[in-house]
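Trainee: I'll drop the sequence and a predicted model, then ask my questions.
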Amino acid sequence: MDRVIAWDKTKIEGVVVLPASKSISNRALVLCALAGCPVPENLSDSDDTRVLREALSSSNRLVNVGHAGTAMRFLTAYFALKGGTWELTGSERMKQRPVQVLVDALRNLGAKIAYMDEEGYPPLWITSAPLQGGRSLVLDASISSQYVSALMMIAPLLPGGLTLDLEERIVSAAYIRMTASMMRLFGVDVCLEGGKIVVPEKEYIPVNLRVESDWTAASYFYEVLSIVGQGEIFISDLKKDSLQGDALQYSLWERLGVRTEWRESDILLRASGENTDLFEADFTEMPDLALTFIVACCLKDIPFRVRGLETLHVKECDRVAASICELRKLGYELKVPVHGELCWNRERNALTSLEIDTYQDHRMVMAFAPAGLKLPGLVIRNAGVVSKSFPTFWEQLGKLLI
Ligand SMILES: O=C(O)C1=C[C@@H](OP(=O)(O)O)[C@@H](O)[C@H](O)C1
Ligand SMILES: C=C(OP(=O)(O)O)C(=O)O
């Protein structure tokens, strides 16, 4: 399904309801399964959460997680701990997303995991073997924090717990902190100090949890207001005091013309008209927001230099290559000054196409959709893939455009 965006006004006003956080939902599902408690309230209705929920109660040994990275990584550790025989697979793209660091760590603990196709990548064949704890593992933390979170969540159930020493550049650390905070809610006192994580042996305690709204999903409405430059958007049920690292995005948007007013449990975004001359930011802690800011800067004609994009190559698509290619269609020439960075110095060429390919990537769809407010007639290809994290994205965006 393609979507054509048509809008010819100058000011945006409206109310948005966000989905529940998929990152919190997926941690909560694993922790509830390990604690033996019912699924939490306000669970995300995203594909990624649905596949994980089904897999956790599956009696079928073939489990296909589709495009869900967290489900793939969390289940690898969960099935290794649980025992039994499992074939864990995913979409074609999932088979190109690395898991070696996690598989090596679990094998070190005694797990029996075999690659069914290419070494280092799903699909995986997991068979029963007792896991040993009381160890200290050194882990390369430069590819994905999901390996670390996956190991942390099973760690209290290993005899003697587990210590992890994170090596190399630590990426997406905010998600590691989210895992630690949620484990603490479930009664396990995780110690995080620099690159060292100590998880004691401990039974999880059952908890009644309500999942927060998704701060990453909020970014697309900040982007809408930033690009339009006039109006206000009310977002219900979103708090500053959040488990999600992406909550900190509000301060970056202040440089792109959007101010956040905090209400008790909602927020109001107001266009401020105050824009920076050059946008610079490091997305190592908030990788999922990079595309949103890159598209916003181009459409606002604000030059930028952004860092911390190394892991974007192994997301649902290669988001660096994809954004360069699709923004070039719209006439924006982006450059890669060094690996992990992208910049735009306002170099423009003629627009060659209004059709945006989205590479089966929900964030490509949602980050490019707001561009249609400046470029009427913009076509977003394969727009339905938003269901990975935000099934009602088009409905919520549509409410702002009438
Ligand atoms: O743990 C999580 O919930 C996530 C961690 C991040 O992945 P990486 O750690 O692979 O960067 C993020 O991009 C992903 O959307 C969700
Ligand atoms: C990278 C993402 O998800 P995952 O790694 O869980 O597939 C994302 O939602 O942008």
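Mentor: That came through fine. Numbers count the residues shown, from 1 in each chain. Ligands and ions are numbered 1, 2, ... in the order given.
Trainee: what kind of secondary structure is the residue nearest to the spatial centre of the chain in?
Mentor: Closest residue to the average C-alpha location of the chain: Asp288 at 5.0 Å, with CA atoms, centre = their mean. Taken by DSSP: H, G, I helix; E, B strand; the rest coil, the conformation at Asp288 corresponds to helix.
Trainee: Not including adjacent chain positions, what is the nearest residue to it?
Mentor: Leaving aside its chain neighbours, Asp288 sits nearest to Thr216 (4.9 Å; criterion: CB to CB, 6 or more residues apart in numbering). Yep, even glycine has a C-beta here, placed from its N, CA and C like the rest.
Trainee: okay, now that neighbour: neighbour count?
Mentor: Using other CB atoms under 10 Å, Thr216 is surrounded by 25 other residues.
Trainee: One more: the one 10 residues further on?
Mentor: Look at Ser226: counted by other CB under 10 Å, it has 27 neighbours.
Trainee: Surely Arg259 is in a helix?
Mentor: No - using three-state DSSP, the secondary structure at Arg259 is strand, not a helix.
Trainee: Quick check, it in contact with Arg270.
Mentor: Yes - taking contacts as CB atoms under 8 Å, Arg259 lies within contact range of Arg270: 5.0 Å.
Trainee: Just the strands from the stretch 151-300 of the chain, written as ranges.
Mentor: Remark: strands assigned in the stretch 151-300 of the chain by DSSP state E, counting those that start in this stretch are 162-167, 191-193, 196-199, 231-236, 256-262, 267-275, 279-282.
Trainee: between those, which gets nearest to ligand 2?
Mentor: With CB to the nearest ligand atom as the criterion, ligand 2 lies closest to strand 279-282 of these, at 17.1 Å.
Trainee: What residues of that closest one count as buried?
Mentor: 279, 281 (16 or more other CB atoms under 10 Å).
Trainee: Kindly report the same for stretch 316-324.
Mentor: 316-320, 322-324.
Trainee: and what of stretch 225-239?
Mentor: Quick answer for stretch 225-239 (16+ other CB under 10 Å): 225-229, 231-235, 238-239.
Trainee: Please list the outside residues in contact with that stretch.
Mentor: Stretch 225-239 has contacts (CB atoms under 8 Å, 6 or more residues apart in numbering) with 10-18, 212-213, 215, 218, 221, 224, 247, 253, 256-258, 265-271, 273, 296, 299-300, 370-371, 373-374, 400.
Trainee: thinking again about what came up before, export the buried residues of stretch 225-239 to TSV and append columns for pLDDT and distance to ligand 2.
Mentor: Formatted as TSV, the buried residues of stretch 225-239 follow (pLDDT from 0 to 100; distance: CB to the nearest ligand atom, whole Å):
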residue	pLDDT	distance to ligand 2
Leu225	98	21
Ser226	98	20
Ile227	98	21
Val228	97	24
Gly229	98	27
Gly231	98	27
Glu232	98	27
Ile233	98	22
Phe234	98	25
Ile235	98	19
Leu238	97	18
Lys239	93	21
